[in-house]
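Visitor: Coordinates for the following, if possible.
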Amino acid sequence: MNDYILGIIFSIGYISRGRFIFKNKNKYFLEQIQKVCGNNIYKQKDKKNVQYVLSTKYFDIERLKSIGWNNRNSDIRKLPKLNQYDNFLRAYIELHSRFDYSTRYRSKRKKTKYKALRLRIYGNRVLIREINEILSTDANIALKSPQSEKNDKTSYIAYTSINEIKSIFQYIEEKPCFNAFWNEIENKLRIPIIV
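Guide: Coordinates of the predicted model:
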């Protein structure tokens, strides 16, 4: 199991009735897990959404806990103890980030608006603090002030500098990767500002 797959396990895995369960709307992430454990992926539908699900007993839960894993809905989650985080963070950012445009102003008088790219990475406070520190050191970008969501459990760090966003993606860029995510990044980086 490589660090990219470990990033998927930490991002979307949880335990139910002694089995690891993985759910996501993008089948790709479950196919990465399937390469390791071989279990079948099935489709689960509710009134509005389709999710893909994989259930397995393949992974040693105690071993994963020994490197820092805990259920995805836990209040406190930490990063595993790894030598390098680029592959792990590639999976995590593909699953737990949002790449959009935020409204900004050209002058202090706030008369002229424009929209510019923003990258937000989500997680609980502890995990976001750790990601913030790793990206600051390894991707050579400034530390950010984490923001809290209304639910008071989720935090995020936001990057609005195009150079910092590019540095993050250069740091985590490699294979395997979720192509749809990277295609969206390439398209938006071509048009970083909307007037």
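
Visitor: what about Ile61, neighbour count?
Guide: 14 (other Cβ atoms under 10 Å). For glycine as for every other residue, the C-beta is placed from the backbone atoms N, C-alpha and C.

Visitor: Next, find the distance separating it from Cys177.
Guide: Relative to Cys177, Ile61 is positioned 27 Å away (criterion: Cβ to Cβ, to the nearest Å).

Visitor: list the helices and strands the lengthiest helix in the chain packs on?
Guide: What stands out as the longest helix in the chain, according to DSSP state H, is helix 125-138. The elements that helix 125-138 packs onto, with contact taken as 3 or more Cβ pairs under 8 Å, 6 or more residues apart in numbering; DSSP states H and E, are helix 86-96, strand 113-124, strand 154-159, helix 162-172.

Visitor: Show residues contacting the least confident helix or strand in the chain by mean pLDDT.
Guide: Sorted by mean pLDDT, DSSP states H and E, the helices and strands of the chain end with helix 61-66, the least confident at a mean of 81. With contacts defined as Cβ atoms under 8 Å, 6 or more residues apart in numbering, helix 61-66 is touched by Ile9, Ile15, Phe20.

Visitor: mind running it again at 10 Å?
Guide: Counting by Cβ atoms under 10 Å, 6 or more residues apart in numbering, helix 61-66 makes contact with 1, 6, 9-10, 13, 15, 18-20, 60, 69-70, 80-81, all of which sit outside it.

Visitor: which of these has the most neighbours?
Guide: Within those, neighbour counts (other Cβ under 10 Å) peak at Phe10, which reaches 25 neighbours.

Visitor: Can you tell me how far Trp69 is from Ile61?
Guide: For Trp69, the distance to Ile61 (Cβ to Cβ) stands at 8 Å.

Visitor: Could you tell me which residues touch both of these two?
Guide: Any residue near both Trp69 and Ile61 by Cβ under 10 Å, 6+ apart counts here, and that gives Gly13, Ile15.

Visitor: from the helices and strands packed on helix 125-138, which stretch is densest packed?
Guide: Mean neighbour count (mean count of other Cβ atoms under 10 Å) peaks for helix 86-96 among the helices and strands packed on helix 125-138, with a mean of 23.

Visitor: From the chain's centre, how far out is that one? Work that out for me.
Guide: With Cα atoms, centre = their mean, to the nearest Å as the basis, helix 86-96 stands 5 Å off its chain's centre.

Visitor: Quick check: what element follows it along the chain?
Guide: Toward the C-terminal end, the helix or strand that comes next after helix 86-96 (DSSP states H and E) is strand 97-105.

Visitor: what comes up buried for that next one?
Guide: Ser97, Phe99 (16 or more other Cβ atoms under 10 Å).
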